[in-house]
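> A predicted structure for the sequence below; I have some questions about it.
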Amino acid sequence: MTERFPYRPAREVPDQREFEARLHACPGGPWTVTHSKTLANDNQVIRLRWLMPQQRWCDVPTFLAFLDESPHRKLLRCFVLHARRPLWSFEALLKQIGPGVSPIALETALQFAERQGFVVAHHQRRRWSRGPQLEHVLNFGATFEWIVQAHLQQVAHAVARRGVVLKELQEQQLGDLDILAFTDDGLVITVECKSSTSRITNEHLARYLQRARAFPADIALLLIDTDKEEQITSRIEQLNVGAQYELGDRYLPNSSVVYRIMGNLYIANTGGSIATALEAALHLATTWKHTREPAG
């Protein structure tokens, strides 16, 4: 029998203290955190049920790698966003997660998801239903935000929080920051996370711009979980309602698309991976910041 241990997210108190110290040093303050989310207190994040040594994707770092692959996120979305659908056939799942994924790759992903209680097999593994570990999850938004936060912590060695409510932004009725992070090389980044391309309204984008202006981040990134570049350019067109933004600088790191529009505004998709998009935005912002620093 495979050895397994219940997964319990660690509490993040030491990190929280460093986060608040970095926030205190931000221009335009004082900034006051009234609430933020951690993995331990958010049951909307899809997370491991079991830590299983020697089993693929069954520890936190490799689970993050699993979620970084777009087909795997699409697979889990089938069971989260279509909860009323009682059963998925293997063929329907293969079609849903897109071209380029082999039946063997899908079966491997389903085996992992079954071990963790994300899915349940039926009819000799030709039909699949939502598992008990996903019963409480209403949508993919919180999970997408957690993936972004975790990648910033790993890739950029950042201190980061999700769902950050700042009193000063709340007083302006600007809502919360999906992700607020401070990298070890001094960058401040906010990420507006969109786990779906549907229902991104002009009002949503207007509030993104207002938050980008109100809080002094080096990067105010709008990150949309899609493979399609046209979803990015159409959002830039939406931003042009009442303003004039050009498409700006366009970068294509490993199948992702990142646009730097102007100032601290960036928009990216996850075509290569979430990690790729974040690394590209951080690199561009670092380069831009250094070019603006006075010589000597």
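Now that the structure is in, tell me what you want to look at.

> shaky segments in this protein?
The chain contains residues with pLDDT under 70 at 1, 11-14, 241-248, 290-296.

> From the chain's centroid, how far away is the longest helix along it?
Among the elements of type helix in the chain, defined by DSSP state H, the one spanning the most residues is helix 274-292. The gap between where helix 274-292 is centred and where its chain is centred comes out at 17 Å by Cα atoms, centre = their mean, to the nearest Å.

> helices and strands around it, which ones?
Judged by 3 or more Cβ pairs under 8 Å, 6 or more residues apart in numbering; DSSP states H and E, helix 274-292 is in contact with helix 60-68, helix 141-155, strand 188-194, strand 219-224, strand 249-251, strand 258-262, strand 265-269. Glycine gets a C-beta too; all of them are placed from N, C-alpha and C.

> And this structure, split by domain according to the record?
Listed domain ranges for the chain are 13-41+139-291, 50-134 (source: automatic domain parsing).

> can you list the ones you listed in a markdown table and add mean neighbour count?
A markdown table is the format used below for these (neighbours: other Cβ atoms under 10 Å):
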| stretch | mean neighbour count |
| --- | --- |
| domain 13-41+139-291 | 18 |
| domain 50-134 | 16 |
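
> okay, the ones you listed in CSV with distance to Tyr7 next?
Putting those into CSV (distance: least, Cβ to Cβ, whole Å) gives the following:
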stretch, distance to Tyr7
domain 13-41+139-291, 10
domain 50-134, 5
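
> Among those domains, which comes closest to Thr2?
Shortest separation from Thr2 across the domains of the chain is recorded for domain 50-134, at 5.8 Å, computed as Cβ to Cβ.

> follow-up on the earlier one: with respect to Glu3, which of the domains of the chain lies nearest?
Nearest to Glu3 among the domains of the chain is domain 50-134 (5.9 Å), distances taken as Cβ to Cβ.

> For that closest one, what is the distance to the chain centroid?
Here the centre of mass of C-alpha atoms in domain 50-134, compared against the chain's by Cα atoms, centre = their mean, lies 19 Å away.

> cool, stretch 48-65 as well?
Centroid separation for stretch 48-65 versus its chain: 19 Å, with Cα atoms, centre = their mean.

> How about residues contacting the longest helix of the chain?
Around helix 274-292, the neighbours that count as contacts under Cβ atoms under 8 Å, 6 or more residues apart in numbering are 67-68, 147-148, 151-152, 155-156, 183, 185, 187, 189, 191, 218-219, 221, 223, 225, 249, 251, 253-256, 258, 260, 264, 266, 268-270.

> What degree of burial does Val45 show, as a neighbour count?
22 (other Cβ atoms under 10 Å).

> quick one, helices of the chain?
Secondary structure of the chain (DSSP H): helices located at 13-24, 60-68, 70-81, 90-96, 103-115, 141-155, 167-170, 202-214, 229-239, 274-292.

> Quick check: which of these is nearest to Arg130?
Ranking these by distance to Arg130, with Cβ to Cβ as the measure, places helix 70-81 first at 4.3 Å.

> and the angle for the closest one with helix 60-68?
An angle of 80 degrees separates the directions of helix 70-81 and helix 60-68 when computed by axes from the mean of the first three to the mean of the last three Cα atoms, to 10 degrees.

> State the distance from Cys78 to Thr143.
Between Cys78 and Thr143 the computed distance is 14 Å (Cβ to Cβ, to the nearest Å).

> One more: Thr201?
Spatial separation of Thr201 from Thr143 under the definition Cβ to Cβ is 22 Å.

> Distance to Ala105 for the helices and strands packed on helix 274-292 - can I get that in a markdown table?
Written out in a markdown table, the entries for the helices and strands packed on helix 274-292 read as follows (distance: least, Cβ to Cβ, whole Å):
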| stretch | distance to Ala105 |
| --- | --- |
| helix 60-68 | 12 |
| helix 141-155 | 20 |
| strand 188-194 | 26 |
| strand 219-224 | 25 |
| strand 249-251 | 29 |
| strand 258-262 | 27 |
| strand 265-269 | 22 |
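
> Leu266 pairs with what?
For the record, residue 266 is Tyr, not Leu. Listed beta-bridge partners, Tyr266: Leu221, Arg260 (assigned using DSSP bridges).

> do the same with Val164
Val164 forms beta bridges with Leu177, as assigned by DSSP bridges.

> can you pull the contacts of it?
Val164 sits next to Val33, His35, Ser36, Asp176, Leu177, Ile179, Leu180 when contact means Cβ under 8 Å, 6+ apart.
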